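**Student:** Sequence below, structure please.
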Amino acid sequence: MEQFNKFLLSFSGGKDSGVLLNLCLDYIRRRQPGRRLGVFHIDYEMQYRETIDYVDRVLASNADVLDVYRVCVPCKVSTCTSMFQNYWRPWEPSKRELWVRPLPAEAYTQDDFDFFDDTLWDYEFQIRFTEWLHRRNRAGRTCCLIGIRSQESLNRWRTVHSDRNYKKNKGLQWIREMKHGIFNAYPIHDWLTTDIWVANGRFGWDYNRLYDLYYRAGVPLEKQRVASPFISQALSSLHLYRAIDPDMWGKMVSRVNGVNFAGLYGRSSMMGWYSIKLPPGMTWEGYLDFLLKTLPEPTRRNYQRKLAVSVNFWREKGGCLSDETIKKLEALGIPIVVGDHSNYKTNKRPVRMEYLDDIDLPEFKELPTFKRMCICILKSDHTCKYMGFSLNKVEKKLKDQVMEKYKALK
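**Tutor:** Below you'll find the model as predicted:
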């Protein structure tokens, strides 16, 4: 790793980034005493008290080795607790009286970053921060250490193993050049959940005691995650705040729209989880129309725009389906037009078809149905990730405008 001038470790306070940090601390103290490690922690204001205490404890006890960048900025953070807003802002100055806790004394704020703009999402800010620090350090090559494991999800597996867009570093699959001179490295990408806890036990490392509380609450190991409490993946466990950290829960309810409702019904069909049932006498298309009419105008237009894009896609271009799925559709007598090949790197074939009301097949999540769109609305999934959406043209244009704006800062 001598090829890099600077290292920056992304530390969330979770089990994976915690183990990665301990690995680096052990290596530095044993093999490279005197070397320092940059640690980037974006503080989302609202977290379990155990997580906050763990972050404070680790950063303070390793001050001899770490250069800490604890960032508290009001960037946009996705929320699925409300149909009325698709983001909230931690540490928003105008909401100071509602902050769930005081600003950490050592924190970096928006005034410390010349690139900060209130249009930035948290993931955009993280990219800009790395570029800012790279320039500030006048580093030739900066390596960003990220503690993700491919076991967690397909998206994480693709982050490490996909060959698209990124250049490997000296043939190492887990080190990628993201931009000239800036690299992402995923050293524990092949670890399992059990490996994390074996390492903590064997070496006696400090860890976030929240996981002990999760265990006592009966949360399976694979479901124990430290993440923003308002994203779609976290809604089913949002209710645990009331039992584990009631003081924080009381403050959260006043801080973000829809938190109490999501805490009560986040595990139910009312928010698209488990077996959602169609109201009597309605079709899914009719139920979708009803749900859209209940939404605020901007939110309704967003979903209508997504639906129109999806309908046109399946009608004109077609989605890629396996031969097995194609045979099932044909057996059900569903009108489809099957193409010979796709421009995507896949053995599946493009299938053009009209939207269905619903379909009872294991491949439900791969097929266009009005029921799936209803589930998106009930989940407050504003980006329609459940429908398989990436950025649409409007969103991509906004993102490109932001990227173009900051080119001048290089």
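**Student:** Run through who's touching stretch 46-59.
**Tutor:** Outside of stretch 46-59, the residues within contact range by CB atoms under 8 Å, 6 or more residues apart in numbering are 11, 13, 18, 21, 39, 41, 43, 66, 68, 70, 90, 100-101, 206-210, 213, 226, 229, 241, 244-245, 247-248, 251-252, 255-256. C-betas here are computed from N, CA, C, even on glycine.
**Student:** From these, keep the buried residues only.
**Tutor:** If you count burial by 16 or more other CB atoms under 10 Å, the buried members of the contacts of stretch 46-59 come out as 11, 13, 18, 21, 39, 41, 43, 66, 68, 70, 90, 100, 207-208, 210, 213, 226, 229, 241, 244-245, 248, 251-252, 255-256.
**Student:** domain assignment for this structure?
**Tutor:** Following automatic domain parsing, the chain resolves into domains at 6-193, 284-402.
**Student:** which stretch in those has the least confidence?
**Tutor:** Across the domains of the chain, domain 284-402 has the smallest mean pLDDT, namely a mean of 84.
**Student:** so what's Arg141 closest to, chain neighbours aside?
**Tutor:** Excluding the flanking residues, the one nearest Arg141 by CB to CB, 6 or more residues apart in numbering is Phe4, at 4.8 Å.
**Student:** correct me, but the one you found touches Cys143?
**Tutor:** Yes - in this structure Phe4 lies within contact range of Cys143 using CB atoms under 8 Å: 4.1 Å.
**Student:** Overlap of the contact sets of those two?
**Tutor:** Residues touching both Phe4 and Cys143 (CB under 8 Å, 6+ apart): Phe183.
**Student:** quick one on the thing from earlier: buried deepest among the domains of the chain, which one?
**Tutor:** Highest mean neighbour count of the domains of the chain: domain 6-193, a mean of 17 (counted as mean count of other CB atoms under 10 Å).
**Student:** wait, Trp284 sits on Asp357?
**Tutor:** Yes - at 4.7 Å, Trp284 counts as touching Asp357 under the criterion of CB under 8 Å.
**Student:** Overlap in contacts, these two.
**Tutor:** Residues touching both Trp284 and Asp357 (CB under 8 Å, 6+ apart): 369-371.
**Student:** how about JSON lines for the residues you listed, with secondary structure and distance to Arg315 added?
**Tutor:** What follows is the shared contacts of Trp284 and Asp357, written out as JSON lines (DSSP: H, G, I helix; E, B strand; the rest coil; distance: CB to CB, whole Å):
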{"residue": "Thr369", "secondary structure": "strand", "distance to Arg315": "14"}
{"residue": "Phe370", "secondary structure": "helix", "distance to Arg315": "14"}
{"residue": "Lys371", "secondary structure": "helix", "distance to Arg315": "18"}
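**Student:** With respect to Glu222, which of those is nearest?
**Tutor:** Lys371 (27.2 Å; CB to CB).
**Student:** Next up, the contacts around that closest one.
**Tutor:** 276, 278, 284, 357-358.
**Student:** Arg36 now?
**Tutor:** Going by CB under 8 Å, 6+ apart, the list of residues near Arg36 reads 65-67.
**Student:** what's the answer for Phe370, then?
**Tutor:** Taking CB under 8 Å, 6+ apart as the criterion, Phe370 is in contact with 283-285, 287-288, 355-358.
**Student:** do the same with Arg29
**Tutor:** By CB under 8 Å, 6+ apart, Arg29 lies in contact with Val65.
**Student:** So Trp174, which state does it fall into?
**Tutor:** Three-state assignment for Trp174 (DSSP: H, G, I helix; E, B strand; the rest coil): strand.
**Student:** From Val77, how far off is it?
**Tutor:** Relative to Val77, Trp174 is positioned 28 Å away (CB to CB, to the nearest Å).
**Student:** ditto for Pro279
**Tutor:** 33 Å.
**Student:** do the same with Arg138
**Tutor:** The gap separating Arg138 from Val77 is 31 Å, by CB to CB.
**Student:** Over to Asp114?
**Tutor:** For Asp114, the distance to Val77 - CB to CB - is 22 Å.
**Student:** Over to Phe4?
**Tutor:** To Val77, Phe4 is 30 Å away according to CB to CB.
**Student:** Could you say which helix or strand holds Asp53?
**Tutor:** Using DSSP states H and E, the element containing Asp53 is helix 49-61.
**Student:** Now do that helix: distance to the chain's middle.
**Tutor:** Here the centre of helix 49-61 is set off from its chain's centre by 22 Å, with CA atoms, centre = their mean, to the nearest Å.
**Student:** going on from it, what's the next piece of helix or strand?
**Tutor:** strand 66-71.
**Student:** Okay, the nearest residue to Gly181 once chain neighbours are set aside and Pro368: tell me how far apart.
**Tutor:** Spatial nearest neighbour of Gly181, excluding adjacent residues (CB to CB, 6+ apart): Arg141 at 5.4 Å. Per CB to CB, Arg141 is found 45 Å from Pro368.
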